[in-house]
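Q: Quick one, fold the following:
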Amino acid sequence: MIGATPFLKALCRYARLAAVPAVYVLFICPSIQVYGQTLSPQDANRPALTLQTPEPNRPCPFTGQITGDDVLVRSGPGTDYYQCGKLFRGDRVEVIREQGGWSQIVPPPSSFSWIHMQYLSISREDQTQGLVTGDQVPVYAGSELVAPIHSTTRQAVLRRGDKVRLLGEERDGYLKIACPPGAALWVSSRYVSPITGGQVTTQQALPQQPAEQPTPDTYRLDEFNRLMEQFKAETAKPLAQQDFAAMKKSLTSIAEDKKAVKASIYAKLLLERIANCEAAKQAQLDLERQDKALAEAMARIDKARQEQLRLTPDVTRFCVVGRLERSNLYSGDAAVKRYRVLDQDGRVLCYAQPTGPVAEQDLDGFIGQKVGLVGTVKPNPASGTALAEFTEIVKLP
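A: This is a model prediction of the structure:
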């Protein structure tokens with residue numbers, strides 16, 4: 001069988017130089033097998049074949065060397081995965097396994113990952129160290145060309161208590177960290193060659209990266225961590241008892257410090273959380289004030305209703321209601337006083353005469369007032385009207 005790759009290259013080179021159509025090349029060699037596919041003259045009219053690099057039959061893991069320039073490192077095994085960096089001729093890589101023409105490698109020293117900052121607590125003793133505070137926290141392959149929110153290739157899942165190394169940059173709520181153990185990236189296998197003729201290496205540890213030098217905002221990060229602990233303690237209190245005034249002043253100072261790079265970012269994010277807490281507290285206080293005002297209004301209404309009921313007598317027990325005035329009509333006994341009861345238009349409704357104990361009372365205070373008389377009404381032939389004999393008189397509003 002003729003070797004496909006070099007033979008085809010030679011034929012194609014000849015065809016280009018001699019201006020020979022590609023179909024003639026197939027007639028020269030009517031049956032050529034290319035990576036398991038047989039080409040024939042009939043294939044000249046078919047769409048061009050995409051020649052895939054064969055998957056190397058190499059034992060893994062092994063230490064490899066990059067044989068090309070500007071070799072793209074990707075988040076997954078294929079060109080559909082986003083770019084995570086570049087490697088150059090002579091660079092060494094640790095190949096973990098190979099799949100479909102792609103080599104899975106230990107992330108190079110320049111690689112990084114993304115983790116959401118809400119699942120991370122910064123160490124007080126070393127601000128370059130973080131502690132995972134959530135369960136099953138995903139870590140994503142990082143790229144300088146892709147925003148964290150769009151970096152969707154998951155590299156690892158961390159557990160509560162796992163430690164990570166911070167690389168000092170935050171974007172859109174995500175923190176840049178060194179690739180954790182178990183993380184991997186991919187390069188095309190065609191650009192990876194074993195260093196010692198396929199010698200297998202068993203070392204898969206992550207390459208050591210130079211320790212990050214302390215930044216000028218180290219002391220500010222320590223101050224921020226103390227404020228974060230205060231924030232947690234404050235939010236554990238009931239809303240009405242929460243007070244962030246002193247904390248906000250300190251955080252604002254950190255946020256405005258141009259030298260405090262990481263601490264400034266964290267302080268701004270915490271100030272936003274405090275603003276949300278204060279908004280919730282204010283909403284609760286407003287609701288409580290509204291409830292109190294409503295309860296007070298209902299109490300006033302009920303009190304006024306009770307007072308109105310108290311002041312409004314039961315008129316059904318009165319034999320007559322009207323304005324009381326003196327009368328010059330007397331009965332046969334001159335000592336007996338009589339009164340007139342007038343309606344609202346001043347017309348006489350009837351005459352009235354007190355009987356019993358009320359006859360001994362001074363009724364001058366009722367003159368000209370609206371009153372209700374308790375008693376009986378009977379005809380009075382002498383006056384041609386009715387006479388109300390009352391035993392009780394009540395002043396009405």
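
Q: rest of the way, CA atoms for contacts and neighbours
A: Noted.

Q: neighbours of residue 286, just the number please.
A: Number of residues near residue 286 (other CA atoms under 10 Å) recorded here: 12.

Q: what's the answer for residue 65, then?
A: 21.

Q: And for residue 276?
A: 12.

Q: cool, and residue 253?
A: 12.

Q: looking only at pLDDT, what's the mean for the helix or strand harbouring it?
A: Assigned by DSSP states H and E, residue 253 falls within helix 245-255. Averaging pLDDT along helix 245-255 yields 90.

Q: so how far is it off the chain centroid?
A: Helix 245-255 has its C-alpha centroid displaced from the chain centroid by 23 Å (CA atoms, centre = their mean, to the nearest Å).

Q: now stretch 339-351
A: Taking mean C-alpha positions (CA atoms, centre = their mean), stretch 339-351 and its chain are 76 Å apart.

Q: Check stretch 159-169 too.
A: Stretch 159-169 sits 23 Å away from the centroid of its parent chain (CA atoms, centre = their mean).

Q: which helix is the longest one in this protein?
A: Counting by DSSP state H, the longest helix found in the chain is helix 261-311.

Q: helices or strands up against it?
A: strand 163-171, helix 218-235, helix 245-255 (3 or more CA pairs under 8 Å, 6 or more residues apart in numbering; DSSP states H and E).

Q: check contacts around residue 358.
A: 391-393 (CA atoms under 8 Å, 6 or more residues apart in numbering).

Q: just to revisit the earlier point, now the helices and strands packed on helix 261-311 in JSON lines, with distance to residue 101?
A: Converted to JSON lines, the helices and strands packed on helix 261-311 look like this (distance: least, CA to CA, whole Å):
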{"stretch": "strand 163-171", "distance to residue 101": "32"}
{"stretch": "helix 218-235", "distance to residue 101": "45"}
{"stretch": "helix 245-255", "distance to residue 101": "49"}
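
Q: for these, which one sits closest to residue 329?
A: Closest to residue 329 of those is helix 245-255 (CA to CA; 84.3 Å).

Q: May I see the buried residues of that closest one?
A: Neighbour-count burial for helix 245-255 flags 247-248, 251, 254-255 (criterion: 16 or more other CA atoms under 10 Å).

Q: before we move on, what about stretch 367-378?
A: 369-375, 377.

Q: Kindly report the same for stretch 92-102.
A: So for stretch 92-102, counting by 16+ other CA under 10 Å, buried means 92-96, 98, 101-102.

Q: Alpha carbons of that stretch, as CSV, please.
A: The C-alpha trace of stretch 92-102 is given here as CSV (Å, rounded to 0.1, in the frame of the first residue of the first chain):
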residue,chain,number,x,y,z
ARG,A,92,7.7,21.2,27.3
VAL,A,93,4.3,19.8,28.3
GLU,A,94,3.1,17.0,30.4
VAL,A,95,0.7,14.9,28.3
ILE,A,96,-2.0,13.1,30.4
ARG,A,97,-3.8,11.4,27.6
GLU,A,98,-4.7,11.7,23.9
GLN,A,99,-8.1,11.8,22.2
GLY,A,100,-9.1,12.3,18.6
GLY,A,101,-5.9,14.1,17.5
TRP,A,102,-5.8,16.2,20.7
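
Q: That stretch: how far from the chain's middle?
A: 41 Å.

Q: pLDDT weak spots in the stretch 1-150 of the chain?
A: Along the stretch 1-150 of the chain, the model assigns pLDDT under 70 to residues 1-57.

Q: all helices of it, in order?
A: 4-18, 22-28 (DSSP state H, counting those that start in this stretch).

Q: C-alpha coordinates for stretch 381-397, PDB please?
A: Coordinates of each C-alpha in stretch 381-397 appear next as PDB, following Å, rounded to 0.1, in the frame of the first residue of the first chain:
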ATOM      1  CA  PRO A 381    -108.700  69.800  75.100                       C
ATOM      2  CA  ALA A 382    -108.000  73.100  76.800                       C
ATOM      3  CA  SER A 383    -105.200  74.000  74.400                       C
ATOM      4  CA  GLY A 384    -106.400  72.000  71.500                       C
ATOM      5  CA  THR A 385    -103.100  70.200  71.300                       C
ATOM      6  CA  ALA A 386    -101.400  67.400  73.100                       C
ATOM      7  CA  LEU A 387     -99.800  67.500  76.600                       C
ATOM      8  CA  ALA A 388     -96.700  65.500  77.400                       C
ATOM      9  CA  GLU A 389     -96.400  64.600  81.100                       C
ATOM     10  CA  PHE A 390     -92.700  63.700  81.600                       C
ATOM     11  CA  THR A 391     -90.800  62.100  84.500                       C
ATOM     12  CA  GLU A 392     -87.400  62.600  82.900                       C
ATOM     13  CA  ILE A 393     -85.700  65.100  80.700                       C
ATOM     14  CA  VAL A 394     -82.500  64.500  78.700                       C
ATOM     15  CA  LYS A 395     -80.500  67.200  76.900                       C
ATOM     16  CA  LEU A 396     -79.700  66.000  73.300                       C
ATOM     17  CA  PRO A 397     -76.900  67.100  71.000                       C
END
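
Q: pLDDT averaged over it - what is it?
A: Here the average pLDDT along stretch 381-397 is 87.

Q: Please identify the buried residues of that stretch?
A: Within stretch 381-397, the residues that qualify as buried are 386-393, 395-396, counting by 16+ other CA under 10 Å.
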